[in-house]
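[1] How does the following fold in three dimensions:
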Amino acid sequence: MHRKAYVPGVAMLLAAVLTACTGSEDSGSADDPLPGDAAATAPTAEPGRYDTLPEPCGSVDHGTLASFLPGIKQLTDEEQRQQAYEGEATQTYDTDRKAGCRWKVESATATDYLFVDFERVVSYDRTVSDDSKAQEVYGGRVEAADLPEPAPSPSESADDSDDDSDDDSTASPSDSAASGSASTSPNSSGSSGSSGSSGSPATANPTASTTPASLQPRTLDGLGDEAFLDDALGTSRQRTVTVVFRTSNVIVTVEYEEQPATTTDVPDSEEMQDRARKLAEWLAESFDD
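    Reported below is the predicted structural model:
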């Protein structure tokens, strides 16, 4: 009797053990991610559009180089002229990640420099795309350039004028009378007869060194995915125009500098900007081919 009562108890114990083992195997199946392994299941960001770079020293044709570097045509030695066209490649350890080329040619009136640089940005974070990383790098370039605030459009200026008019209309009668008497007083500093007045020709006309808004450092539309232009005049009258643009995961820099032979000459800003911008546009199109 005691043996018969003991056997069913052993069977129940074995069944419980087998059930626990089976449950443990199901819960530890290969389909379930391990704790802390969520990154392995996260979707991988898209790679950039470009996985290589063009050769920069061969990216600019001879005609374009001659317009940037007028001294090339003044070289009488054919070998020197050919070397000037070839340029000098910048040192790099991976030409598929970063590559550049420099040209320098002296002429009778100035020394001209041209620099073209290609940088392919790669994100090492699988959750961040190459394009997003390139956008971040480009944003750093914009911040470093410290571009001025864009000039207000004519419509914005008109709105500001309307706001000023509204403010004047709400002024108290005593304020209006005071301002009117001050403006019509013959002894006021704003009279046309006093020297250095606000109405004198010396202060009414802009100075010759004033740069038009169209030539100020600024962002550019229609060039790559995003672009900007910088223009700086040095203390020795050298002018440097830089155009930077991003196309997908590649950032392109065009830097054009001219150092006059004499400090009395100033390189033409509009001409240099036009050349640099057109070269950047041509390079952007070549990436799309």
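[2] K133: what's its closest spatial neighbour, skipping adjacent residues?
    In this structure, K133 finds its nearest non-sequential neighbour in S123, 3.8 Å apart by C-beta to C-beta, 6 or more residues apart in numbering. From N, CA and C alone the C-beta is placed, and that goes for glycine too.
[3] go on, A134?
    Nearest to A134 is V121, by C-beta to C-beta, 6+ apart, at 3.8 Å.
[4] L53 too?
    Going by C-beta to C-beta, 6+ apart, L53 has F118 as its nearest residue, at 4.6 Å.
[5] which helices and strands does the strand or helix carrying the one you found pack with?
    Assigned by DSSP states H and E, F118 belongs to strand 110-120. Other elements packing on strand 110-120 under the criterion 3 or more C-beta pairs under 8 Å, 6 or more residues apart in numbering; DSSP states H and E are helix 62-68, helix 71-74, strand 98-106, strand 250-260.
[6] Mind putting these into JSON lines with distance to P217?
    JSON lines is the format used below for the helices and strands packed on strand 110-120 (distance: least, C-beta to C-beta, whole Å):
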{"stretch": "helix 62-68", "distance to P217": "20"}
{"stretch": "helix 71-74", "distance to P217": "27"}
{"stretch": "strand 98-106", "distance to P217": "22"}
{"stretch": "strand 250-260", "distance to P217": "14"}
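[7] Tell me what I251 is bridged to.
    According to DSSP bridges, E119, R246 are recorded as the beta-bridge partners of I251.
[8] check contacts around it.
    118-119, 121, 134, 137-138, 141, 244-245 (C-beta atoms under 8 Å, 6 or more residues apart in numbering).
[9] what's the answer for Y138, then?
    Neighbours of Y138 in contact, by C-beta under 8 Å, 6+ apart: 226, 244, 246, 251.
[10] distance of it from G224?
    9 Å (C-beta to C-beta, to the nearest Å).
[11] Likewise for K104?
    Using C-beta to C-beta, K104 is found at 26 Å from G224.
[12] between the two, who's got more neighbours?
    Using other C-beta atoms under 10 Å, the more surrounded residue of K104 and G224 is G224, with 22 against 15.
[13] surely the more buried one meets V252?
    Yes. Counting by C-beta atoms under 8 Å, V252 is a contact partner of G224 at 7.4 Å.
[14] Need the overlap of contacts for those two.
    245-246, 284.
[15] For the residue nearest to K133, the count of nearby residues, please.
    The burial count assigned to S123 is 19, neighbours taken as other C-beta under 10 Å.
[16] just D117 next, same as before
    D117 has 18 neighbouring residues, counting by other C-beta under 10 Å.
[17] how about low-confidence regions in the stretch 1-150 of the chain?
    1-42 (pLDDT under 70).
[18] mind running it again at 90?
    1-48, 148-150 (pLDDT under 90).
[19] what are the ranges of the helices in it?
    Under the criterion DSSP state H, counting those that start in this stretch, helices of the stretch 1-150 of the chain are mapped to 2-27, 38-41, 62-68, 71-74, 78-86, 130-145.
[20] Could you list the buried residues of the fourth one?
    Right, helix 71-74. Going by neighbour count (16 or more other C-beta atoms under 10 Å), the buried part of helix 71-74 is 71-72.
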